[in-house]
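*Asks:* Sequence plus the predicted model coming up.
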Amino acid sequence: MAFTLYDEVIGSVIPVAVYWIYSGIFVILGDKLDNYRLHSKAEEDAKNIVSKWTVVKGVLIQQAIQIVVSVLILALTKDGSGVPKPNPPMYIIALQFLVGAFVLDTWQYFMHRYLHINKFLYKHLHSTHHMLVVPYAYGTLYNHPLEGLLMDTIGGILAFLVSGMTESVGVFFFSFVTIKAVDVHTGVWWPYNIFHFFSPNTSAYHDVHHQLYGTKFNYAQPFFISWDKIMGTYMPFSLEKRKEGGYTVRPIKD
């Protein structure tokens, strides 16, 4: 089978670079975000039970696994000529994005929920991610490596294969998915965030899930909240402005 390994590696590395660039913006902005935070920096330091250096190492391990698996999948799905497939018309690409988003959302909802329901898997896998009670941007992919493989990498592979994306379209799709996933974990509420115009799955929505009262709710990520509403795991919330700056997420319980 003829293929250019360089192309597969570059295609797999681009979403990783996007992850660190986008999350790095929130690090650079630092204190300028205080009026938009869902939790204060003091609360972030007090509640999170894992160091930021440990988070960085954990994310890099998951991304290394992700790159290896992505390279293999891209190589195996390329035809024997080694010539990249031409991209389809834009309306087909838009449809592929929608199909990919649906497949990824569906896989992640049910896998995520099962990781909470199964006490063994929660204790040994998913509890790693919940060490970040107060999420922040570059902690988005801080998971147990096996969870990262099961939920993120396999979910991404299914979205890619089912939607029928070409390699180059897939790179754009997963870069977009990366930005959206990071945005959900920023712990920052931008009043005019462009993602809010088409996706109700926001940083505030996901913050509910990271709090003790919400760990059995708001599983959906990274795009829509349909499965939470269909499956009865949706918890609405309100946002209240704090006097000292930022917002507080308040659950609305029946």
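*Replies:* Looks like it came in fine.

*Asks:* what about residue 107, neighbour count?
*Replies:* Residue 107 has 20 neighbours, counted by other CB atoms under 10 Å. To be clear about C-beta, it is placed using only N, CA and C from the backbone, and glycine gets the same treatment.

*Asks:* for it, what are its contacts?
*Replies:* 151, 154-155, 158-159 (CB atoms under 8 Å, 6 or more residues apart in numbering).

*Asks:* so who does residue 192 touch?
*Replies:* Counted by CB under 8 Å, 6+ apart, residue 192 has zero contacts.

*Asks:* what ranges of the stretch 51-200 of the chain fall below the confidence cut-off?
*Replies:* 79-84 (pLDDT under 70).

*Asks:* Could you pull out the helices in it for me?
*Replies:* Under the criterion DSSP state H, counting those that start in this stretch, the stretch 51-200 of the chain contains helices at 52-77, 90-117, 119-124, 145-147, 154-163, 167-184.

*Asks:* Next, the angle helix 154-163 makes with the first one.
*Replies:* If you take axes from the mean of the first three to the mean of the last three CA atoms, to 10 degrees, helix 52-77 sits at 30 degrees to helix 154-163.

*Asks:* who are the neighbours of helix 52-77, in terms of helices and strands?
*Replies:* Using 3 or more CB pairs under 8 Å, 6 or more residues apart in numbering; DSSP states H and E, the elements in contact with helix 52-77 are helix 5-29, helix 145-147, helix 154-163, helix 167-184.

*Asks:* Of all those, which one comes closest to residue 202?
*Replies:* helix 167-184 (6.8 Å; CB to CB).

*Asks:* Please name the nearest non-neighbouring residue to residue 190.
*Replies:* residue 36 (6.1 Å; CB to CB, 6 or more residues apart in numbering).

*Asks:* try residue 235
*Replies:* Distances taken as CB to CB, 6+ apart place residue 217 nearest to residue 235, at 3.7 Å, with adjacent residues excluded.

*Asks:* On the three-state scheme, that neighbour is what?
*Replies:* coil (DSSP: H, G, I helix; E, B strand; the rest coil).

*Asks:* I'd say it and residue 209 touch.
*Replies:* Yes - look at residue 217 against residue 209 with CB atoms under 8 Å: they come within range, at 6.4 Å.

*Asks:* Nice, that's everything, thank you.
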